[in-house]
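# The following block contains a protein sequence and its predicted model.
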Amino acid sequence: MITNVDEQLIQRTKRQNKLLFKSLQEHTRSRVDWNVLNQWVQARDQCWINLQSLHAAANTVLTNILNQDVNFLRTIERDSKEHNAFSRLLKGIDWVIWWNIAVTKSIKIRRLLQTSTAGAPTSPVTVVEFNKRPILTFSEQALANKTRDRGNRAISNLCKGREQESVASLADCIKQMAEVVESLERLLDPLVLRPLILSTHCELCPLW
């Protein structure tokens, strides 16, 4: 729960950050093109649109795969005790694709859904997960493996054929965002930034 004191601290921190950023812009205005931040914002907004498109495509692909066995989803829900098992698996697929693109900056999927065993030795469960992030938990290992495999098939289908466009568009946006960040990091390297600050001043600096 956020108290009034917490809210005041948050607002004060925001004001301080704005002043620091303004000062940084003033000190580096001749050496840093801050307009690239607008490119980052545009790429971020487009990224959100592409994520929604990817989610819709993943919904269609996963539905088609699970519908190949009319009882499969019901079996998943019963064994995992999750009435929203489809939504959880769908979010897991979104997360896998997002993570892989964010890491590789391409549509190449290097890491997929996995299964692991958890619980007491006398009553183990099998968890469908990604990067230690649990998605669904099953009492039947064979069912967990089938669910993992079908989720991974959906991921594979999304990264090829006509569905590939959604993934490729998302990868392009993430790559653009990363390039802007890397560009600013190079320009604002401490070895470059410190001499700039020492040799310039702005309206927030004390009088010399």
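Noted; the coordinates are in hand.
# where do the helices sit along this protein?
Secondary structure of the chain (DSSP state H): helices at 4-28, 36-66, 72-80, 85-104, 141-158, 164-187, 190-199.
# Tell me which of the ones you listed sits nearest to residue 135.
helix 85-104 (3.9 Å; C-beta to C-beta). Yep, even glycine has a C-beta here, placed from its N, CA and C like the rest.
# quick one, the closest one and helix 141-158 angle?
On the basis of axes from the mean of the first three to the mean of the last three C-alpha atoms, to 10 degrees, helix 85-104 is oriented at 50 degrees to helix 141-158.
# List the buried residues of helix 85-104.
85-86, 88-90, 92-94, 96-101 (16 or more other C-beta atoms under 10 Å).
# ok, residues contacting that helix?
Contact partners of helix 85-104, identified using C-beta atoms under 8 Å, 6 or more residues apart in numbering, comprise 51, 54-55, 58-59, 62, 66, 73, 76-77, 82, 107-113, 128, 130-131, 133, 135-136, 147, 151, 154-155, 158-159, 167, 170-171, 174.
# and the residues you listed, which are buried?
Counted by 16+ other C-beta under 10 Å, these give 51, 54, 58-59, 62, 66, 73, 76, 82, 107, 109, 112-113, 128, 130, 135-136, 147, 151, 154-155, 158-159, 167, 170-171, 174 as buried.
# How many neighbouring residues does the residue lying closest to residue 163 once chain neighbours are set aside have?
Distance criterion C-beta to C-beta, 6 or more residues apart in numbering; nearest residue to residue 163, sequence neighbours excluded, is residue 57 at 5.1 Å. By the measure other C-beta atoms under 10 Å, the count of residues near residue 57 is 19.
# which residues does residue 57 contact?
Contacts of residue 57 by C-beta under 8 Å, 6+ apart are 158, 163, 166.
# per-residue pLDDT, it?
With respect to pLDDT, residue 57 scores 93.
# gap between it and residue 168?
Counting by C-beta to C-beta, to the nearest Å, the separation of residue 57 from residue 168 is 12 Å.
# And residue 27, by the same measure?
39 Å.
# Among those two, which residue is more densely surrounded?
residue 27 (20 against 14).
# list the contacts for the more buried one?
196-197, 200-202.
# got a pLDDT number for it?
81.
# quick one: low-confidence ranges for this protein?
Applying pLDDT under 70 to the chain flags the ranges 1-2, 204, 206-208.
# how does it look with 80?
1-5, 29-31, 119-122, 161-163, 190-208 (pLDDT under 80).
# Extract the C-alpha set from stretch 156-174 and format it as CSV.
Output of stretch 156-174 as CSV, limited to C-alpha atoms (Å, rounded to 0.1, in the frame of the first residue of the first chain):
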residue,chain,number,x,y,z
SER,A,156,7.8,-22.9,-33.7
ASN,A,157,4.8,-22.3,-36.0
LEU,A,158,4.7,-18.6,-35.0
CYS,A,159,8.3,-18.2,-36.1
LYS,A,160,7.8,-19.5,-39.6
GLY,A,161,5.3,-19.3,-42.4
ARG,A,162,2.6,-16.6,-42.6
GLU,A,163,2.7,-16.1,-38.8
GLN,A,164,6.3,-15.0,-38.9
GLU,A,165,5.5,-11.4,-39.7
SER,A,166,4.2,-10.7,-36.2
VAL,A,167,7.4,-12.1,-34.7
ALA,A,168,9.7,-10.3,-37.2
SER,A,169,8.0,-7.0,-36.6
LEU,A,170,8.4,-7.3,-32.9
ALA,A,171,12.1,-8.2,-33.4
ASP,A,172,12.6,-5.1,-35.5
CYS,A,173,11.2,-2.8,-32.9
ILE,A,174,13.3,-4.3,-30.1
